[in-house]
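Pasting the sequence and the predicted model now:
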Amino acid sequence: MFDLVIRNGTVIDGSGAERRIADVAVQEGRITAVGPKLGAGKREIDAAEKRRQAAADRKDRAATEVEQLSKSLLEAEAEIADEQIRFQELDEQRRILEQALASVQDEYRKGSRELENLDHTYQSRAKIEDSTKNKLSELEVKIAEIKTHIQNKEAILTGDFGFQIGEPGQGSSRRWESREQILLHLTERKATREALEPVNPLAIEDYEKAKERYDFLNSQVKDLTEAANSLEQVITEIEKISLERFRETYDKINLVFADLFKILFPGGNSCLRLTDPEHPLESNVDIVCQLPGKKQMSLELCSGGEQSMISIALLFAILQVKPPAFCLLDEVEAALDEANVRRFTRLLRTFADKTQFLVITHNKETMQAVDVIYGVTLEKTGISRPISIRLEDQNKIREFTVNKRHPAATAPQAMAAHS
């Protein structure tokens, strides 16, 4: 018996139909299972195609950029070549200009030397001209003196001896053969004049009086000469003693000044220096100082406060070497800040044992450091009252403090004293 199976219009033998149906079912199952994978693979293929297209686009853009960069490189190389040519031209121009500059400098130096030589020549000629003018002036003065002397001699010869002197070039009214004849004629004339003159009977008496007067004046001159010599010796001794004392005092003040300067300016150095060491008594004294962190300089280059402190150091150095009984200070610390004012007050306290100080000041730090304060206050408007306060007198201080709280009470200026 045959079993026939018709499937999809096809006649299948019954014996193999079941196997075929089973195979078809298996194939259909495989196709069904492969379907999702096929969709995923298609999507991956699409994505890969997109990536390939994007890569192709990037490749095209990169090729375009490479082409542009190649063109830019060629242009840059051409510009570099042009710049190198221009650089060579500029370098050649620089070399030419340097040569021209060297030539101009040589000409300038030559011109400068020629100008210096001309200047020296002009100065030497000017000196010669001035010297010649001076000599010419001296000769003119001498000629005038000689002319005056000749005129005087001519007047004497004409008046006293009767000589007739003619003008130069005109000759004289009488010619003399020799000098001996002239002297003989003068002697005769002189003898004749003396014979005609009357004799003075008081000539001897006049001579004695003149001689007495001469001896007196001569003795006076001698006494004055001896007194002058004695004074010169005294002056010499005084100068010698003054020089020794000056050097001794100067050296002491210099040492003390250096020590005080180091106290007021820690880390600094200073000294006194004579401008003319060979003549100390006539020399000026310069202050040379080196402030901390600065180079050595003179007093004029320091600031106002520094000058005040240096001057205070020099003042106290002098006071230590030669301490006086009394010293008046007027606003010496006006240009100082608080720290330097405190240094000043410490020095003031140190020297107060030997010297009494009267300090005119507006500074509160200075007022606090003294023993007695003298001042003027306005307790009422338009009414001033002098005050004196000892800092150890607490009652006075309290009274002054209460008065100061009044609106009209002021203390514009005070004198502070160290006793």
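Arrived safely.

biggest helix in the protein, by residue count?
In the chain, assigned by DSSP state H, the helix with the most residues is helix 14-161.

other SSEs contacting that one?
strand 4-7, helix 179-196 (3 or more CB pairs under 8 Å, 6 or more residues apart in numbering; DSSP states H and E). C-beta here means a position set from N, CA and C on the backbone, and glycine is covered the same way.

so after the last one, what's the next helix or strand?
If you walk from helix 179-196 toward the C-terminus, the next helix or strand you reach (DSSP states H and E) is helix 203-264.

Contacts only, for the closest residue to Leu315 other than its chain neighbours.
Spatial nearest neighbour of Leu315, excluding adjacent residues (CB to CB, 6 or more residues apart in numbering): Val332 at 7.7 Å. By CB atoms under 8 Å, 6 or more residues apart in numbering, the contact set of Val332 is 308, 311-312, 315, 344, 359.

Buried subset of those, written for ChimeraX?
In ChimeraX, this line selects whichever of the contacts of Val332 come out buried by 16 or more other CB atoms under 10 Å:
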select :308,312,315,344,359
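
can you list the contacts of Val332 in JSON lines and add pLDDT, secondary structure and distance to Ala258?
Formatted as JSON lines, these follow (pLDDT from 0 to 100; DSSP: H, G, I helix; E, B strand; the rest coil; distance: CB to CB, whole Å):
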{"residue": "Ser308", "pLDDT": "86", "secondary structure": "helix", "distance to Ala258": "18"}
{"residue": "Ser311", "pLDDT": "89", "secondary structure": "helix", "distance to Ala258": "15"}
{"residue": "Ile312", "pLDDT": "87", "secondary structure": "helix", "distance to Ala258": "14"}
{"residue": "Leu315", "pLDDT": "88", "secondary structure": "helix", "distance to Ala258": "15"}
{"residue": "Phe344", "pLDDT": "87", "secondary structure": "helix", "distance to Ala258": "18"}
{"residue": "Val359", "pLDDT": "89", "secondary structure": "strand", "distance to Ala258": "25"}
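
tell me which of the contacts of Val332 is nearest to Gly293?
For the contacts of Val332, the minimum distance to Gly293 (CB to CB) is 19.1 Å, reached by Ser308.

Would you check how far apart the closest residue to that closest one other than its chain neighbours and Thr275 are?
Nearest non-adjacent residue to Ser308, counting by CB to CB, 6+ apart: Ala335, 4.5 Å away. Using CB to CB, to the nearest Å, Ala335 is found at 26 Å from Thr275.

ok, these two, which is more surrounded?
Under the criterion of other CB atoms under 10 Å, the comparison of Ala335 against Thr275 puts Ala335 first, with 15 against 10.

Ramachandran coordinates for the more buried one?
When quoted as degrees, to the nearest 10, the phi and psi of Ala335 stand at phi -90, psi 10.

Quick check, it in contact with Ile310.
No. The pair Ala335 / Ile310 is not scored as a contact, 11.4 Å apart, by CB atoms under 8 Å.

any idea of the mean pLDDT for the helix or strand where Ile389 lies?
If you go by DSSP H and E, Ile389 is part of strand 383-390. For strand 383-390, mean pLDDT rounds to 82.

so what strands line up beside it?
If you go by DSSP bridges, strand 383-390 pairs up with strand 372-380 (antiparallel).

SS state for Val288?
Secondary structure, DSSP: H, G, I helix; E, B strand; the rest coil: Val288 is strand.

do the same with the one 5 residues further on
Following three-state DSSP, the label given to Gly293 is coil.

what's it in contact with, if anything?
Gly267.

Numbering from 475 from now on, please.
Shifting the count to begin at 475 puts that one at Gly767.

State the phi and psi torsions of it.
According to degrees, to the nearest 10, Gly767 has phi 80, psi 10.

and the gap between it and Ser777?
Separation of Gly767 from Ser777 (CB to CB): 14 Å.

I'd assumed Arg817 was in a strand, is it?
No. Counting by three-state DSSP, Arg817 falls outside a strand, being helix.

Run a quick neighbour tally on it.
19.

That one and Phe739 touch, don't they?
No. Applying CB under 8 Å as the test, Arg817 and Phe739 come out as separate, 9.3 Å apart.

Now Gln781: closest residue in space, sequence neighbours ignored.
Among residues not flanking Gln781 along the chain, Leu773 sits closest, at 6.1 Å (CB to CB, 6+ apart).

List the contacts of the one you found.
Applying CB under 8 Å, 6+ apart, the residues near Leu773 are 760-761, 763, 781, 784.

go on, Gln625?
With CB under 8 Å, 6+ apart, Gln625 has no contacts at all.

Helix, strand, or coil at Glu752?
Reduced to three states by three-state DSSP, Glu752 is coil.

Could you give the backbone dihedrals for it?
phi -70, psi -20.

can you check Asp804 too?
phi -120, psi 100.

Could you find the closest non-adjacent residue to it?
Ile834 (4.5 Å).

Can you report how many residues neighbour that neighbour?
16.

now swap in Lys726 and tell me
15.

Just the pLDDT for the residue nearest to Leu789.
Note on Val806: pLDDT of 86.

Check the secondary structure at it for me.
At Val806 the chain is in coil, as set by three-state DSSP.

how far away is it from Asp680?
74 Å.

ditto for Leu564
Here the criterion is CB to CB. By it, Leu564 lies 109 Å from Asp680.

before we move on, what about Ile559?
118 Å.

same deal with Ile495?
Ile495 is 199 Å from Asp680, by CB to CB.

out of these two, which sits in the more crowded spot?
Taking other CB under 10 Å, Ile495 and Asp680 do not tie; Ile495 has more neighbours (13 against 10).

Please name the nearest non-neighbouring residue to Arg864.
Nearest to Arg864 is Val846, by CB to CB, 6+ apart, at 5.2 Å.

now the one you found, which residues is it bridged with?
Arg864, Ala891.

shaky segments in the stretch 725-874 of the chain?
866-874 (pLDDT under 70).

Which of the helices and strands packed on helix 488-635 comes out lowest on mean pLDDT?
Taking the mean pLDDT of those, strand 478-481 comes last: a mean of 47.

Are we agreed that Ile834 is in a helix?
No. Assigned with three-state DSSP, Ile834 falls outside any helix and is strand.

Return the distance of Gln655 relative to Thr661.
11 Å.

Need the overlap of contacts for Arg817 and Phe739.
Counting by CB under 8 Å, 6+ apart, the residues touching both Arg817 and Phe739 are Met783.

circling back: and the longest helix of the chain, how far out from the chain's middle?
39 Å (CA atoms, centre = their mean, to the nearest Å).
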